[in-house]
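**Student:** okay, here's the prediction I keep looking at, along with the sequence it came from:
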Amino acid sequence: MGSTHHPPSISRHSSIATNPPLDRTKVKDYLLLSVLACFCPVWPINIVGFVYAVMSKNSLEQGNLDGAVRLGRVAKMLSIVSLVGGTVIIIACIVNLASECPKSDL
């Protein structure tokens, strides 16, 4: 039984060669942004964003920079959606309450 030697796959190495190594200090977990988003009234979305931010922070601490970047991107997106959605909801509530208040004739 002879073993055949397979040359290393070029396609596997090309993605590593084109992507520069990630700098640990430049990877963001967006934890502060997700904490701020938790104050917006879009609870399922901002809680999930916070969980992704914590997972990104844990991945960064474990040295998984790729995972930290991917999880951080999701945390950032969910936090921004929460902030925008929460702002719209708060403004809509203020406008609604202002329109229902009786106006005094002074």
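**Tutor:** The structure has been received and is ready for your questions.

**Student:** shaky segments in this protein?
**Tutor:** For the chain, applying pLDDT under 70 flags the ranges 1-25, 103-106.

**Student:** quick check, central residue of it?
**Tutor:** Ala75 (1.4 Å; CA atoms, centre = their mean).

**Student:** what is the longest helix belonging to the chain packed up against?
**Tutor:** If you go by DSSP state H, the chain has its longest helix at helix 65-100. Applying 3 or more CB pairs under 8 Å, 6 or more residues apart in numbering; DSSP states H and E, we find helix 65-100 packed against helix 31-37, helix 43-61. Glycine gets a C-beta too; all of them are placed from N, C-alpha and C.

**Student:** adding distance to Ile90 and mean neighbour count, write those out as TSV.
**Tutor:** Shown next, in TSV, are the helices and strands packed on helix 65-100 (distance: least, CB to CB, whole Å; neighbours: other CB atoms under 10 Å):
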stretch	distance to Ile90	mean neighbour count
helix 31-37	13	19
helix 43-61	13	18
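
**Student:** what's near enough to touch the closest residue to Val35 other than its chain neighbours?
**Tutor:** Residue nearest to Val35 in three dimensions, not counting chain neighbours: Phe50, with 6.8 Å by CB to CB, 6 or more residues apart in numbering. For Phe50, the contact set (CB atoms under 8 Å, 6 or more residues apart in numbering) comprises Leu31, Ser34, Val35, Ala37, Cys38, Ala75, Ser79.

**Student:** go with 10 Å
**Tutor:** Contact partners of Phe50, counting by CB atoms under 10 Å, 6 or more residues apart in numbering, are Tyr30, Leu31, Leu33, Ser34, Val35, Ala37, Cys38, Ala75, Leu78, Ser79, Ser82.

**Student:** now for those: which two are most distant?
**Tutor:** The two members of the contacts of Phe50 with the most space between them (CB to CB) are Leu31 and Ser82, at 13.9 Å.

**Student:** how distant is stretch 39-56 from the center of its chain?
**Tutor:** 8 Å (CA atoms, centre = their mean, to the nearest Å).
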